[in-house]
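Participant: test case, fold it:
(one chain, ligands or ions: 1)
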Amino acid sequence: MFRTKKNNPQIDKEQLELIKNAQKRIKQKKRLYIHFVIFLIGSVFFILLNLVLGFGKDFKPFHTNWFVYAILSWLFLLLYHTFNVFITHYFMGKEWEQKQLEKLVAKQKQRIEELKKAIPVTNQPYTPSETDAKKKTNITSCLTIIVAAAENNAIGKNNQLIWHLSDDLKRFKTLTNGHHIIMGRKTFESFPKPLPNRTHIVITRQLDYQVPDGVIVVNTLQDAIEISKQDSQPFIIGGGEIYNQAMEIASIIEITRVHESFEADTFFPKIDTSIWREISNTFHEKDDKNEFAFSFITYKRK
Ligand SMILES: NC(=O)c1ccc[n+]([C@@H]2O[C@H](COP(=O)([O-])OP(=O)(O)OC[C@H]3O[C@@H](n4cnc5c(N)ncnc54)[C@H](OP(=O)(O)O)[C@@H]3O)[C@@H](O)[C@H]2O)c1
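Facilitator: I've put the predicted structure just below:
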């Protein structure tokens, strides 16, 4: 469900980005140059066709030879191409993209700050006050388990995922975007970094567990759920230990059933169909981006 960590050689990401960008610009300029050369040759060809070979010599809209219109139309396309390569790039190039990104990050930080204010402690484990515990919100949370599990219920090995399914990652991103994601300490540690645009709640028994800014630490699953109450659909995202405990209280299971069996050290609990009703099931063949066939299945508590 999440990206597996790969041991790539350590390349300076910024340099790689610069190289990629430079290569892209070279390609764009080359294409424009080729377009210009073809335009010159094409224009000469049109003139010869009309004036020397006499092709369409009687076709003169507004007393002007047709090749003039053909060349002018082409010139317009060439100018549009030039505009895209230079002007659009100037105003909407990397810097512009960077600024947009910074704006997004700033917005997200602001959201995190707002959340922090709403919660008494963030980097420290959350202890609900009596009023917190008694506080009833109008929103009924629809606690949802989201998981990718093999036919033998395998979900992970050595604190990593076992497979790479691009469509599953996309679905995970789409479903959890903007929501609270509740996870065990080990699952949190399997991420390279916190996922954007989600409120992370990490469950641990450790009292001094350190996390990056914005990530919330709690000591029990109940506290995690209490904190997520304002969210109409908080997600339990794993791993095995947390799934086991959350099965008792969740309302929905969004499972990606991978149609293979794997050797693993972490497993998803068996779904008891006397408790859970399947409400949708979509099968996907394996393809270039998904190394195994799988089905997206939604279960609802009966
Ligand atoms: N396929 C999938 O969809 C999927 C999704 C998520 C994860 N995974 C995989 O699952 C594996 C990790 O799962 P896991 O079962 O080993 O670990 P986990 O559930 O992610 O985390 C376990 C930890 O959570 C804390 N914890 C658990 N129950 C608690 C409770 N009641 N109160 C307080 N703290 C509690 C403990 O942290 P402390 O030890 O710090 O006290 C415990 O060690 C990885 O392989 C990962 O890749 C797969």
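Participant: near the ligand, which residues of the stretch 101-250 of the chain are found?
Facilitator: Residues of the stretch 101-250 of the chain lying close to the ligand (C-beta under 6 Å from any ligand atom) are 147-148, 155-156, 159-161, 183-187, 190, 203-206, 219-221, 237-242, 245. From N, CA and C alone the C-beta is placed, and that goes for glycine too.
Participant: can you verify Pro192 is assigned to a strand?
Facilitator: No - under DSSP: H, G, I helix; E, B strand; the rest coil, Pro192 falls outside any strand and is assigned coil.
Participant: ok, it to the ligand distance?
Facilitator: Relative to the ligand, Pro192 is positioned 12 Å away (C-beta to the nearest ligand atom, to the nearest Å).
Participant: count the residues that sit near Thr298.
Facilitator: Close neighbours of Thr298, defined as other C-beta atoms under 10 Å, add up to 16.
Participant: in ChimeraX, how would I select just the buried ones from the residues of the stretch 101-250 of the chain next to the ligand?
Facilitator: Only the buried members of those end up in this ChimeraX selection, burial being decided by 16 or more other C-beta atoms under 10 Å:
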select :147,148,155,156,161,183,184,185,186,187,190,203,204,219,220,221,237,238,239,240,242,245
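Participant: strands - which of the residues of the stretch 101-250 of the chain next to the ligand land there?
Facilitator: Counting by DSSP state E, the part of those found in strands is Val147, Ala148, Ile155, Gly156, Met183, Gly184, Ile203.
Participant: relative to Lys57, which of those is nearest.
Facilitator: Nearest to Lys57 out of those is Ala148 (C-beta to C-beta; 69.5 Å).
Participant: that closest one against Ile255, yeah?
Facilitator: Yes - with contacts counted by C-beta atoms under 8 Å, Ala148 reaches Ile255, the gap being 7.3 Å.
Participant: which residues in the stretch 151-300 of the chain form helices?
Facilitator: Using DSSP state H, counting those that start in this stretch, the helices of the stretch 151-300 of the chain run over residues 166-176, 185-190, 221-227, 240-246.
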